[in-house]
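Enquirer: need coordinates for the below:
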Amino acid sequence: AYQHWNRPNISFFDRDIRTTDNYEAVKIDAKLTAHIGTSFPLGDFATIEPRAIFLSQEVSKSGILGTNLRYELSETDGIDTHLGFWLRSSRSLSTWQPTDAILSVGLGKGGLLVGLSYDMNVRNLSGQAFSTGTFELSISYIGNHDNDNSFCPVF
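Expert: Predicted structure coming up:
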């Protein structure tokens, strides 16, 4: 996805033609988002689903790489469990460094997915690495596409 391609003015002020005040336009930078993923069957009931996401907006860049393991609990009920691990990395000045590790679990039935993820800081902030994190609950409906359900935590 490519957003803000025309770089719209987001300033609260505009040039006033009745005065000599000349406020500069504040333009939002264009944003690029790329997402790729696939799935590989590991047997009759299990699937591994690797994914990668890249985000770029001016000097801010971030990437997320991870995978889900989806296991069908019952062929007749159509209930899937999802277990995933993700690593988020960001560019800081000139180097890329890991910033967050994400663990996710979920349950899916049909196209409805309910997931819980834990976003864990892996940077050393104030000398306390691994000390801060966030739980996230997601409820998604992605439709039923030949039982190709996947759960991806909210980023």
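Enquirer: could you give me the buried positions within stretch 37-47?
Expert: For stretch 37-47, a neighbour-count test (16 or more other Cβ atoms under 10 Å) marks 39, 47 as buried. In this view, the C-beta of every residue, glycine as well, is placed from N, C-alpha and C.
Enquirer: below-threshold pLDDT in the protein: ranges please.
Expert: Along the chain, segments meeting pLDDT under 70 span 11-25, 75-76, 93, 124-131, 143-155.
Enquirer: can we see that at 90?
Expert: 4-30, 43-45, 57-61, 72-80, 90-100, 108-113, 120-134, 140-155 (pLDDT under 90).
Enquirer: helix/strand/coil for the residue lying closest to residue 133 once chain neighbours are set aside?
Expert: Residue nearest to residue 133 in three dimensions, not counting chain neighbours: residue 120, with 4.3 Å by Cβ to Cβ, 6 or more residues apart in numbering. Taken by DSSP: H, G, I helix; E, B strand; the rest coil, the conformation at residue 120 corresponds to strand.
Enquirer: chain center to stretch 79-93: distance?
Expert: Here the centre of stretch 79-93 is set off from its chain's centre by 8 Å, with Cα atoms, centre = their mean, to the nearest Å.
Enquirer: start at 12, not 1
Expert: Will do, 12 is the new start, and the previous item becomes stretch 90-104.
Enquirer: list of residues touching that stretch?
Expert: 70-84, 107-120, 124, 126, 128, 160-164, 166 (Cβ atoms under 8 Å, 6 or more residues apart in numbering).
Enquirer: and the buried ones among those residues, selectable in ChimeraX?
Expert: To isolate the buried ones among these in ChimeraX, judged by 16+ other Cβ under 10 Å, type:
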select :73,74,75,77,78,79,81,83,110,111,112,113,114,115,116,117,119,124,126,128,160,161,162,163,164
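Enquirer: can you get me a residue count around residue 14?
Expert: 11 (other Cβ atoms under 10 Å).
Enquirer: any idea how far the residue lying closest to it once chain neighbours are set aside is from residue 58?
Expert: Leaving aside its chain neighbours, residue 14 sits nearest to residue 42 (4.5 Å; criterion: Cβ to Cβ, 6+ apart). Residue 42 sits at a distance of 31 Å from residue 58 (criterion: Cβ to Cβ, to the nearest Å).
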